[in-house]
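Asks: Show me the folded form of this:
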Amino acid sequence: MIHRYINALCFPILAFGIASNAQANQPQRWSAGFNADISLLAGYSESRSPFNTDDSTISDYGKADKESNFLVAPLGTISYTNQALDKQVYFGTSRSDLAFGRFHVELGYKHKLDNKGVLVFSYVPGLLTSETWQDPYLRNQSRAKTDSKIKGVRFQYNQILGSNFSLELSGGNQDLDEETSGSSQTTLSDAQKQSLDRQSDIYYAQLSHFMPIRRTQFLRSAISYTRNDAQGNAMASDSYGAELGVVQRVNKASFALTLSYNYIDFDEQNPIFERTQQDDKWGLFLASQYDAPMGWKNWNLVSLIGYNQSNSNIAFYDEESLLFTVGMNYRF
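Replies: Got it, this is the predicted structure:
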């Protein structure tokens, strides 16, 4: 499945990484040579979205039916750090992508500045694809599926000049193999059909702040902006977001609770529904990690519970998703 508004290049800050190192904004301990972080997760997901590809036929433009799935997700990242412990290259997938129901492979480079933060440059090559509908608006006939993939680059400056502020800038594009949105609408002009084209360039910016409350408790806040510059003006949008998260460590366990909100405003009127789309999207995530279960060194027990709800002024675009995963993580 593919979400219409993908913060594709800003991988969610709410991840198991938050629970394990008290957030990416804080300096992390690196060890020289090759290292790996491997996870095997199992879970359950339930979602309602007009872009889910289980129900191939629709008769109207009301809310989509719910679908549920069980999943098994092997994930991992391999990295190499120099002897001076100030440069690192890495490649792999991120557990945080589960929060958006998809995976990305990322190649990146990190560089530590002396007491002035960490620079991160990364590339998403678009090796993995997801499915969506060629024409989501086709009614009373079986809809055809197509593959979608995202390529992009990402820049982060964590702990700017040694402060608790961090900046992220990302850009890339979303490409569909076969995009025929609106082709089934015989009453629309060619220009109106073109306005439904979902292929797009995506630009993202986020400024975040990390604040220790006490030794075992931390607060993270962030504001963000996403420009989805779609080829179809009715699909192009501006998204304004805010996040607030709390990280708590209790003995060998860590918990990270994050609340997020995005307001999404589209550029032009959708010709099928004759109104300009506006969405309010809420998210709530709880990530947890337990170190060295049963005394197993380098092992962690991890879990994630996530809920997203997107309320649109066009009922067809209402979305809802619930995700629960549990698994084991091994580092060496």
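
Asks: partners of the strand or helix carrying residue 166 in the sheet?
Replies: Per DSSP states H and E: residue 166 is located in strand 165-176. Strand pairing for strand 165-176, using DSSP bridges, gives strand 145-158 (antiparallel), strand 200-214 (antiparallel).

Asks: Nearest to residue 61, out of the ones you listed?
Replies: Closest approach to residue 61 among the strands paired with strand 165-176 (C-beta to C-beta): strand 145-158, 19.2 Å. Glycine gets a C-beta too; all of them are placed from N, C-alpha and C.

Asks: what comes up buried for that closest one?
Replies: Neighbour-count burial for strand 145-158 flags 146, 148, 149, 150, 151, 152, 154, 156, 157, 158 (criterion: 16 or more other C-beta atoms under 10 Å).

Asks: and if you look at stretch 53-66?
Replies: 53, 58, 61, 63, 64.

Asks: how about low-confidence regions in the protein?
Replies: 1-28, 94-103 (pLDDT under 70).

Asks: in it, which spans are helices?
Replies: 16-21, 190-194 (DSSP state H).

Asks: partner residues bridging residue 331?
Replies: Beta-bridge partners of residue 331, as defined by DSSP bridges: residue 37.

Asks: Show residues contacting stretch 56-64.
Replies: Stretch 56-64 has contacts (C-beta atoms under 8 Å, 6 or more residues apart in numbering) with 48-50, 52, 55, 137-143, 272-273, 315-316, 318-319.

Asks: let me redo that: stretch 288-302
Replies: 16, 19-20, 39, 41, 95, 252-256, 287, 303-304, 326-332.

Asks: Any idea how far it is from the middle of the chain?
Replies: Once both centres are worked out by C-alpha atoms, centre = their mean, to the nearest Å, stretch 288-302 turns out to sit 25 Å from its chain's centre.

Asks: Next: stretch 226-235.
Replies: 18 Å.

Asks: swap in stretch 157-170?
Replies: Taking mean C-alpha positions (C-alpha atoms, centre = their mean), stretch 157-170 and its chain are 19 Å apart.

Asks: same deal with stretch 256-266?
Replies: For stretch 256-266, the distance to the chain centre is 12 Å (C-alpha atoms, centre = their mean).

Asks: Would you mark the buried spots in it?
Replies: 256, 257, 258, 260, 262, 264, 266.

Asks: which ones are touching the second one?
Replies: This points to residue 257. 245, 246, 248, 284, 285, 286.

Asks: Pick the one among those closest to residue 177.
Replies: The closest of those, once distances to residue 177 are taken by C-beta to C-beta, is residue 285, at 31.2 Å.

Asks: Hmm, that closest one is touching residue 305, no?
Replies: Yes. Using C-beta atoms under 8 Å, residue 285 is in contact with residue 305, at 7.1 Å.

Asks: which one of the two has more residues nearby?
Replies: The neighbour comparison of residue 285 against residue 305 (other C-beta atoms under 10 Å) goes to residue 285, with 25 against 16.

Asks: Can you name the residues bridging to that one?
Replies: Bridge pairing for residue 285 - DSSP bridges - gives residue 258, residue 306.

Asks: what separates it from residue 325, distance-wise?
Replies: Separation of residue 285 from residue 325 (C-beta to C-beta, to the nearest Å): 11 Å.
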